[in-house]
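Asker: after the sequence you'll find the predicted model.
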Amino acid sequence: MTTWWRPDLKRIRAEIAAEAELELEVKVEASDGDGAKQGTKRKRAPRTKGPCEHGVKPRSKCKVCSACPHGRRRDKCKECGGKGMCEHGRQRSLCKECGGKGICEHGRQRSRCKECGGKGICEHGRQRSKCKECGGASICEHGRERYRCKDCGGAGICEHGRERRRCKECEK
């Protein structure tokens, strides 16, 4: 069984939140008594083509480097007002109320709509990623959904060898 390296996101999010608080304190101290604030320049990592310091390549895909103080991707954070978010707090392209481009005339995600012939639907009429006959990306070499496969060590399987959502020992 292959083990996957996953960063300790709780620790990293706490560090990012602590840095954000320090920056906020510095901004408050830098402002003069009249309420006018002095602007601070955002620090950015130097542009390199290699992986980031967490070993993720390309560095734009790193959950840690691109995280906001809330521990989410900066462009998808509701609280930070990410550029891809609408006023309803959803991804703009998938918001029905805003008339997003990713919604078809049937009110479904365009890529997953059978009637529209979405690209996410295979010739068998199933979701392409989950179709065994098409060899979807979510199907492992054992013919199961990768997330739920015990032999592959899927993320949906707990340490007790059961489905995580159904394990009574994990609930405790």
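Answerer: That came through, no problem.
Asker: secondary structure class of Leu22, three-state.
Answerer: helix (DSSP: H, G, I helix; E, B strand; the rest coil).
Asker: any idea how far it lies from Arg165?
Answerer: 38 Å (CB to CB, to the nearest Å). C-betas here are computed from N, CA, C, even on glycine.
Asker: cool, and Gly153?
Answerer: 17 Å.
Asker: which SSE is the closest residue in space to Glu133 that isn't next to it in sequence in?
Answerer: For Glu133, ignoring the flanking residues on the chain, the nearest one in space by CB to CB, 6 or more residues apart in numbering is His124 at 5.7 Å. Under DSSP states H and E, no helix or strand contains His124.
Asker: wait, His124 touches Gly135, no?
Answerer: No. Distance between His124 and Gly135: 11.7 Å, which falls outside the contact criterion (CB atoms under 8 Å).
Asker: retrieve the pLDDT associated with Lys114.
Answerer: pLDDT for Lys114: 91.
Asker: which is the next helix or strand following the lowest-mean-pLDDT helix or strand in the chain?
Answerer: In the chain, no helix or strand scores lower on mean pLDDT, DSSP states H and E than helix 9-30, which sits at a mean of 76. Next helix or strand after helix 9-30 toward the C-terminus (DSSP H and E): helix 168-171.
Asker: what residue lies at the spatial centre of the protein?
Answerer: In the chain, the centroid-proximal residue (CA atoms, centre = their mean) is Arg73; its distance is 6.5 Å.
Asker: in the sheet, who's paired with it?
Answerer: According to DSSP bridges, the partner residues bridging Arg73 are Ala67.
Asker: ok, now which ones touch the residue nearest to Ala17 when sequence neighbours are not counted?
Answerer: The shortest distance from Ala17 to any non-neighbouring residue, by CB to CB, 6+ apart, is to Pro69 (5.2 Å). By CB atoms under 8 Å, 6 or more residues apart in numbering, Pro69 lies in contact with Ile16, Ala17, Glu19, Ala20, Cys80.
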